[in-house]
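S.K.: task: produce atomic coordinates for the following.
(one chain, ligands or ions: 1)
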Amino acid sequence: MDSNKRPDSMVRITTMELAQQFIDEQVAAVRAQVGDKKVLLALSGGVDSSVVAALLIKAIGKQLVCVHVNHGLMRKGESEQVIDVFGKALDANLVYVDATDRFLDLLAGESDPEKKRKIIGAEFIKVFDEEAAKLDGISFLAQGTIYPDILESIKQAEGKQAVKSHHNVGGLPEDMAMELVEPIKLLFKDEVRIVGDALGLPHNMVYRQPFPGPGLGVRCLGAITRDRLHALREADAILREEFEIAGLAGKVWQYFIAVPDMKSVGVRNESRYEGWPAIIRAVNTTDAMTATIEEIPYAVLHKITARITNEVEGINRVLMDLTPKPTGTIEWE
Ligand code: XMP
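M.R.: Next comes the predicted model:
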């Protein structure tokens, strides 16, 4: 039997009971596969790697070593949440690496979107590899592969071209001779979320919107600078907070801010104030191949605009991107 094919007989996980049953089965399967050996996991804090981490902590506790690489392109509060949830609440064996300076130094001056993506992807694997080399006796590598990833790689193998070189942070270092542990590889995203709920992970972690592997790196448009990246992170946090308050968070598939490398003239505190614009993007989609624009009530947009232009250093305008995909891709880079 092809272990990468979801059997027709596999029941869709739609309830907490079914999720619990899946967890019990996987805990037993992981214990049988791993024995008393050690397992390594790149824990980004996204839904998939978080669910795998929680599942493996339940199955093998401290035999799991989680490595969280903070590439400096995370959203506000994300790395802190990984430390709080996994390092503290779940008492996991967590290695936290703040590689912000390494990534930002390498990216300095690079404005080509594909080159930026390649730098981030390659450096991620390098940092992860270095951390793995410091650990003794690791026999397995766990991954948060899910079923759409498998379907996507089949499509790519059939020669269908991608528009951008997407990468998942936590990509597999090619020269690592470790056996894979992929407990959620036959699940669809909605099932992964129910399993995450059943494992007791925080709601905002399990229902988090998709976030690209290169993170804010593809939203801080052009050559990344620390001050513009900081402004982007703060503006994005405000957008997310206000979408939560307005009850839009569960209704809009993806919403974020992009900040281009251009300034306009504005006024703040009765003085000339040159700043960047914050661009709001809010889209709905089912498969990310096409996307439609979500209508956001003007009252919400006004509040977000007022907060961003008042609270975020360096931003003096807020714009809205009304372009569906196609012709715009969801991300700007
Ligand atoms: P685009 O911009 O191609 O994005 O319309 C489609 C979806 O993919 C996400 N995205 C990525 N996800 N690694 C990922 O895991 C990546 O490198 C990457 N680039 C884009 C994007 O956020 C959107 O949900």
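S.K.: contact residues of this protein facing the ligand?
M.R.: The chain has residues 163-164, 166-168, 210, 212-214, 254, 288, 325, 329-331 near the ligand, with proximity defined as CB under 6 Å from any ligand atom. From N, CA and C alone the C-beta is placed, and that goes for glycine too.
S.K.: count of residues packed around Val127?
M.R.: 19 (other CB atoms under 10 Å).
S.K.: typo on my end, Gly275
M.R.: Residues contacting Gly275 under the criterion other CB under 10 Å number 19.
S.K.: confirm it sits in a helix?
M.R.: No. Secondary structure of Gly275 (DSSP: H, G, I helix; E, B strand; the rest coil): strand, not part of a helix.
S.K.: so it makes contact with Asn316?
M.R.: Yes. Assessed by CB atoms under 8 Å, Gly275 is found in contact with Asn316 at 3.2 Å.
S.K.: which SS class is the closest residue to the ligand within the stretch 1-150 of the chain?
M.R.: Using CB to the nearest ligand atom, Arg117 is the residue of the stretch 1-150 of the chain that sits closest to the ligand, at 6.2 Å. Three-state call for Arg117 (three-state DSSP): helix.
S.K.: from Glu333, how far out is it?
M.R.: Arg117 is 8 Å from Glu333, where distance means CB to CB, to the nearest Å.
S.K.: common neighbours of those two, please.
M.R.: Each of Lys164, Val218 lies in contact with both Arg117 and Glu333 under the rule CB atoms under 8 Å, 6 or more residues apart in numbering.
S.K.: model confidence for Gln161, exactly?
M.R.: Gln161 is assigned 67 on the pLDDT scale.
S.K.: going forward, count from 42.
M.R.: Taking 42 as the first residue, the last one we looked at is Gln202.
S.K.: which stretches of the stretch 92-241 of the chain form helices?
M.R.: For the stretch 92-241 of the chain, the helices defined by DSSP state H, counting those that start in this stretch occupy 119-123, 141-148, 154-175, 188-198, 230-239.
S.K.: weakest of the ones you listed in terms of mean pLDDT?
M.R.: helix 188-198 (a mean of 87).
S.K.: what residue lies at the spatial centre of the protein?
M.R.: Phe252 (3.7 Å; CA atoms, centre = their mean).
S.K.: which residue sits closest to that one, ignoring its sequence neighbours?
M.R.: Using CB to CB, 6 or more residues apart in numbering and skipping the chain neighbours, the partner closest in space to Phe252 is Gly87 (6.2 Å).
S.K.: for that neighbour, give me phi and psi.
M.R.: phi -70, psi 170 (degrees, to the nearest 10).
S.K.: domain assignment for this structure?
M.R.: Domain assignment for the chain by automatic domain parsing gives 57-247, 260-361.
S.K.: now for the first one, what's the gap between its first and last residues?
M.R.: Using CA to CA, to the nearest Å, the gap from the first to the last residue of domain 57-247 comes to 14 Å.
S.K.: just the last one next, same as before
M.R.: Domain 260-361 has its terminal residues 14 Å apart, counting by CA to CA.
S.K.: tell me how far that domain lies from the chain's centre.
M.R.: 18 Å (CA atoms, centre = their mean, to the nearest Å).
S.K.: what is the mean pLDDT for it?
M.R.: Per-residue pLDDT over domain 260-361 has a mean of 97.
S.K.: quick one, strands of the stretch 192-341 of the chain?
M.R.: For the stretch 192-341 of the chain, the strands defined by DSSP state E, counting those that start in this stretch cover 220-222, 295-299, 305-309, 312-325, 333-334.
S.K.: deepest-packed of the ones you listed, please.
M.R.: Highest mean neighbour count among the strands of the stretch 192-341 of the chain (mean count of other CB atoms under 10 Å): strand 295-299, with a mean of 23.
S.K.: what's it packed up against?
M.R.: Under the contact definition 3 or more CB pairs under 8 Å, 6 or more residues apart in numbering; DSSP states H and E, strand 295-299 sits against helix 267-286, strand 312-325.
S.K.: next one, pLDDT for Lys79 please.
M.R.: 97.
S.K.: if you could redo that for Ala149, that was the one I meant.
M.R.: Ala149 is given a pLDDT of 98.
S.K.: re the thing from before, which residues do Gly316 and Asn357 both contact?
M.R.: With CB under 8 Å, 6+ apart as the test, Gly316 and Asn357 both reach Ser305, Gly307, Arg309.
S.K.: how near is the second one to Glu315?
M.R.: If I follow you right, that is Gly307. Using CB to CB, Gly307 is found at 7 Å from Glu315.
S.K.: any idea how far the residue in the stretch 92-241 of the chain that the ligand sits nearest to lies from Gly254?
M.R.: Per CB to the nearest ligand atom, His207 is where the stretch 92-241 of the chain lies closest to the ligand, at 3.6 Å. Distance, His207 to Gly254, using CB to CB: 7 Å.
S.K.: returning to what we had before: thought the residue nearest to the centre of the chain was touching Ser91?
M.R.: No. Counting by CB under 8 Å, Phe252 stays clear of Ser91, with 12.0 Å between them.
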